[in-house]
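> need a 3D model of the following:
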Amino acid sequence: MENLDGELVFVHKSDVGKEIKTSLTPLVLELSDWNIFTDHMISYCNGKAVSTRTTWIGRINLALPSVIKSLGIKQLPSNSQDWQAFIKQWYVDTITTKDSKSSIETRVSTWNRSIKPFLEFMQVRDTIPIDVIVPKMRRVGEVQANSSFKVSLIGESPPKKVNSQLHNETNERRNLLTPISLSRTDAEYLDEVRFELERKRAHLLMCLTDYWNTVKTFHDFGKKIISTFEREHSDLVARIISGDVYDYVQREGKVPPLRHHIAIPNDRTSFELYLFIISSRLDGLYKPSKLTSVNLPRKRMATCEKEFGDDYFFPKTFLENDEYIDTVDKINWCMGIYTPRDIAYFIALLMMLNPKFNYQPLLSSKVVDKDGKLMLEVSDIGFTYSIDKPRAKSIKKEELDEVSLEIIHTLIQCNTLRAGLIDKNISKNLFLSVNHTRTGLTSLAHSTVSAHLTGYNKKHSENKEDPYDGICLSHYFPSLLKVGLGPNTISHSKIRATEGVLEWFRTGSVRATSRKLGNTKKVVLENYIPKELITAFSTRLVRRIQNVIIVSATYKEDYLLEAVDFESLTEVHEFIDKILSFDKKTSSPLVSYLKNISKRKSDIEFSGNLITSISSTTLTALYLYREAALKSNVEMRVLTEIESKSGISPLALITLANYLMLVLPNNKDNLIREANIQALEKSKRLLPEVNWDGIFIKREKMI
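So this is what the prediction gives:
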């Protein structure tokens, strides 16, 4: 802590070694014993993260000045009565001060989570007498157990807490890639949501992978030039270093010769020379004002690229639209230097492939820990990478697939190559970006990175109704718009939550979902699986039991079809057969009764297994149908429409494919497992060659 010109300043050192200064209200200095108060503040903050400290001091500053002014005190209270008055005034000013634009909810939270614990901290240390009451501030709408406000009239609905994840206008929950309707709890909704999530996830994964492949292609392209150019063209490099940079062409007459800079990037060799000099003499940082200092021409590479158009010497991108990618971006990729946009998409892809990784811990992850141990390790199961999760006080480890390993390994290589641009305090960080002055690499704030995924535009956030008009992933991949993934629909948290929900759909297990995300079952249920989906899942189970009871009770009645969810007696018998097949060994009287009323003979054997043709060919066709549906942009109503002749819908086939993909890898028959593996490989290989998504387009037109 420092006293600078009559102002108390707390000096913190961040994780990256930077000094962060936070000032305390100058009115504290008017207290003769101010040092007692600040000593308690320092002790209270001990062990907390820098961001937590700075936020907490800001909350202390919210009402403390008005408390000191209102009471007119010159020192801290000395007895119980004065302390009670001090705390009472602080309580009142926290909720009423005009120096803050915070909402009532925020002010209540500020008192209960920041100020009250600090006052109790001082009380434990005998500064505040033990008989002084430090009250809890009641939340808006909160009532006491004996409050008369708890009484309600017959038929009166209880108040409902407003959830920040809910959208008021559309009545939807929006913490996943697909909004979850609060008005639908029917069983069929589960299949629709699952398909929508899988389709959006597949498109997003494809786009993020294509973005990474673009960056990796440029990186490998630049890496080859950097490693081989000097060996193959040492004379040109020597000329640049010595300043002999012009070739002269004599002209007839008394006119001076034409001169041509050998590094103007308008031919392949000069282009590679240009990149090599940027890498070797500017440490990879392209900055127009520095070009002449290393004997490069004033003419920029962007000008040459514009003149050549698509025939320029850079590799082709895998982006659907690269008009938002400029020449500087391409040079950065060749040099192994990345921007916040690149980091945003790398992290999104890593989180999709490794859901245990949270956004902020992954963004601030280190290559080595404080003891010098590598976080990227080789084990019996392959390569693993670990990140520290401070809030959970745990380290999460994921086994890396090929793409994840490629991303992390490439970033480590790039950071090693550009170590001269990295401050010592952040040299262990995995994700580093070029700073805004283009003088080095720096760590990033999470809001700066996430804006490139959501499209949030900070400049327009205060004076426009829709602040999400910035450049985001859908600008580079417009096909995302066709599946509903435009601005403000994708975020790092939504990606992780979607991975958890899809795992729940796939396994039906909360425990499996908690393992997938690396969270407890309680956290998964409260924060990741929307309760509307759990309600729909419960509805499906309950409705199945209801149908069993209703069929048993009304089997010989005329109104049977009106009471159950079936259109014909044939469907009723099919339902009974399914129940009998699943419950063949049960001793339930209800199931026994169903056996007696079934029109089928009692000696029919039910295996309890789904009967379907299992071969590499049939599975390939089924899986290919599923992949084509995921690739298509057809509306859900088309997929749920039941075909009159077969009596099934496209969504039913997709659901069957999902089921087989889940159970066949664990089948006891080795031939079936092999057929499943072959079908998965063939379907992905054949998808680009066939145009099966046209099936859904034609079907949509028919409907």
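> mind listing residues that contact stretch 619-636?
The contact list for stretch 619-636 (Cβ atoms under 8 Å, 6 or more residues apart in numbering) reads 192, 195-196, 198-199, 202-203, 482-483, 639, 650-651, 653-654, 656-658, 660-661, 664, 675-676, 678-680, 682-684, 686-687, 690, 692-693, 695-697, 699-700. Placement of C-beta: from N, CA and C, glycine included.
> take those residues and keep only those in helices.
Among those, the subset assigned to helices under DSSP state H consists of 192, 195-196, 198-199, 202-203, 482, 639, 650-651, 653-654, 656-658, 660-661, 675-676, 678-680, 682-684, 686, 693, 695-697, 699-700.
> quick one, strands of the stretch 201-350 of the chain?
Under the criterion DSSP state E, counting those that start in this stretch, the stretch 201-350 of the chain contains strands at 246-249, 258-261.
> mind putting these in CSV, mean neighbour count, distance to residue 381 and mean pLDDT included?
Listed next are the strands of the stretch 201-350 of the chain as CSV, based on neighbours: other Cβ atoms under 10 Å; distance: least, Cβ to Cβ, whole Å; pLDDT from 0 to 100:
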stretch, mean neighbour count, distance to residue 381, mean pLDDT
strand 246-249, 11, 58, 90
strand 258-261, 14, 54, 91
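> of all these, which one comes closest to residue 545?
Nearest of the strands of the stretch 201-350 of the chain to residue 545, taken as Cβ to Cβ: strand 258-261 at 82.0 Å.
> within the sheet, what are the partner strands of the closest one, with directions?
Paired neighbours of strand 258-261 in the sheet (DSSP bridges): strand 246-249 (antiparallel).
> who's in contact with residue 19?
Going by Cβ under 8 Å, 6+ apart, residue 19 touches 11, 12, 13.
> how many neighbours does the residue lying closest to residue 353 once chain neighbours are set aside have?
Leaving aside its sequence neighbours, residue 353 sits nearest to residue 404 (Cβ to Cβ, 6 or more residues apart in numbering; 5.0 Å). The number of residues packed near residue 404 is 20, by other Cβ atoms under 10 Å.
> for residue 404, give its distance to residue 469.
Distance of residue 404 to residue 469, computed by Cβ to Cβ, to the nearest Å: 32 Å.
> sorry, back to before: what subset of the contacts of stretch 619-636 is buried?
Buried subset of the contacts of stretch 619-636 (neighbour count, 16 or more other Cβ atoms under 10 Å): 192, 195-196, 198-199, 203, 483, 639, 650-651, 653-654, 656-658, 660-661, 664, 675-676, 679-680, 682-683, 686-687, 692-693, 695-696, 699-700.
> distance check, the closest residue to residue 477 other than its chain neighbours against residue 471.
Distances taken as Cβ to Cβ, 6+ apart put residue 207 closest to residue 477, at 4.1 Å, once the chain neighbours are dropped. Residue 207 sits 14 Å away from residue 471, going by Cβ to Cβ.
> returning to that earlier point: filter the contacts of residue 19 to the buried ones?
The neighbour-count test (16+ other Cβ under 10 Å) marks residue 12 as buried among these.
> need the contacts of residue 19 in CSV with distance to residue 85, can you?
Formatted as CSV, the contacts of residue 19 follow (distance: Cβ to Cβ, whole Å):
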residue, distance to residue 85
11, 33
12, 33
13, 38
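> residue 354 contacts residue 405, correct?
No - between residue 354 and residue 405 no contact is recorded; they are 10.6 Å apart, counting by Cβ atoms under 8 Å.
> return the distance of residue 492 relative to residue 353.
13 Å.
> ok, the two, which is more surrounded?
Applying other Cβ under 10 Å to residue 492 and residue 353 shows that residue 492 carries more neighbours, namely 24 against 19.
> what's the spacing between the more buried one and residue 117?
According to Cβ to Cβ, residue 492 stands 30 Å off from residue 117.
> what lies in contact with stretch 201-212?
Applying Cβ under 8 Å, 6+ apart, the contact partners of stretch 201-212 are 177, 318-320, 345-346, 348-349, 352, 403, 406-407, 473, 476-477, 479-480, 483, 485, 490, 495, 498-499, 502, 630-631.
> let's see that with 6 Å instead.
For stretch 201-212, contacts defined as Cβ atoms under 6 Å, 6 or more residues apart in numbering pick out 318, 345, 348, 349, 352, 477, 483, 630.
> would you mark the buried spots in the one helix or strand the last one maps to?
Of the helices and strands defined by DSSP states H and E, residue 630 is found in helix 616-631. The neighbour-count check on helix 616-631 (16+ other Cβ under 10 Å) flags 616, 619-631 as buried.
> what angle do that helix and helix 650-663 make?
Here the directions of helix 616-631 and helix 650-663 differ by 120 degrees (axes from the mean of the first three to the mean of the last three Cα atoms, to 10 degrees).
> residue 354 and residue 405: which is more packed in?
The neighbour count for residue 354 versus residue 405, taken as other Cβ under 10 Å, is higher for residue 354 (23 against 16).
> show me what contacts the more buried one?
So residue 354 contacts 398, 404 (Cβ under 6 Å, 6+ apart).
> residue 449 touches residue 342, doesn't it?
No - under the criterion of Cβ atoms under 6 Å, residue 449 is not in contact with residue 342, lying 9.6 Å apart.
> these two: which is more packed in?
Ranked by neighbour count (other Cβ under 10 Å), residue 449 and residue 342 place residue 449 first, with 25 against 22.
> can you list phi and psi of the more buried one for me?
Backbone geometry at residue 449, expressed as degrees, to the nearest 10, gives phi -80, psi -50.
> the residue lying closest to it once chain neighbours are set aside: neighbouring residues, count only.
The spatial neighbour of residue 449 that comes closest, neighbours along the chain excluded (Cβ to Cβ, 6+ apart), is residue 344 at 4.6 Å. Around residue 344 there are 26 other residues, counting by other Cβ under 10 Å.
> cool, residue 494 as well?
The number of residues packed around residue 494, counting by other Cβ under 10 Å, is 20.
> residue 27 against residue 66, yeah?
No - counting by Cβ under 6 Å, residue 27 does not reach residue 66; the two are 9.1 Å apart.
> out of those two, which sits in the busier spot?
More crowded of residue 27 and residue 66, by other Cβ under 10 Å: residue 66, with 20 against 15.
> the more buried one: what's it in contact with?
93, 97 are the contacts of residue 66 under Cβ under 6 Å, 6+ apart.
> over to residue 62?
Residues near residue 62 by Cβ under 6 Å, 6+ apart: residue 100.
> and it, what element?
Counting by DSSP H and E, residue 62 is found in helix 50-71.
> list the buried residues of that helix.
Result for helix 50-71 [16+ other Cβ under 10 Å]: buried residues 50, 53-54, 56-57, 59-68.
> apart from its neighbours in sequence, what residue is nearest residue 510?
Leaving aside its chain neighbours, residue 510 sits nearest to residue 521 (5.1 Å; criterion: Cβ to Cβ, 6+ apart).
> for residue 504, see how far away the one you found is.
11 Å.
> next one: residue 256
Per Cβ to Cβ, residue 256 is found 77 Å from residue 504.
> next one: residue 435
41 Å.
> more neighbours, those two?
A count of neighbours by other Cβ under 10 Å puts residue 504 above the other of residue 435 and residue 504, at 24 against 14.
> the more buried one sits in which helix or strand?
Counting by DSSP H and E, residue 504 is found in helix 492-507.
> mind listing the helices for the stretch 351-500 of the chain?
Using DSSP state H, counting those that start in this stretch, the helices assigned to the stretch 351-500 of the chain run over residues 359-363, 402-417, 446-454, 473-476, 479-482, 492-507.
> who are the packing partners of the third one?
Using 3 or more Cβ pairs under 6 Å, 6 or more residues apart in numbering; DSSP states H and E as the contact definition, the elements that helix 446-454 packs against are helix 340-353.
> just the last one next, same as before
Contacting helix 492-507 under the criterion 3+ Cβ pairs under 6 Å, 6+ apart are the following elements: helix 188-232, helix 340-353, helix 510-517.
> what mean pLDDT does the longest one have?
In this model, helix 188-232 has a mean pLDDT of 92.
> that helix vs helix 402-417, what angle?
On the basis of the same axes, to 10 degrees, helix 188-232 is oriented at 40 degrees to helix 402-417.
> good, we can wrap up now.
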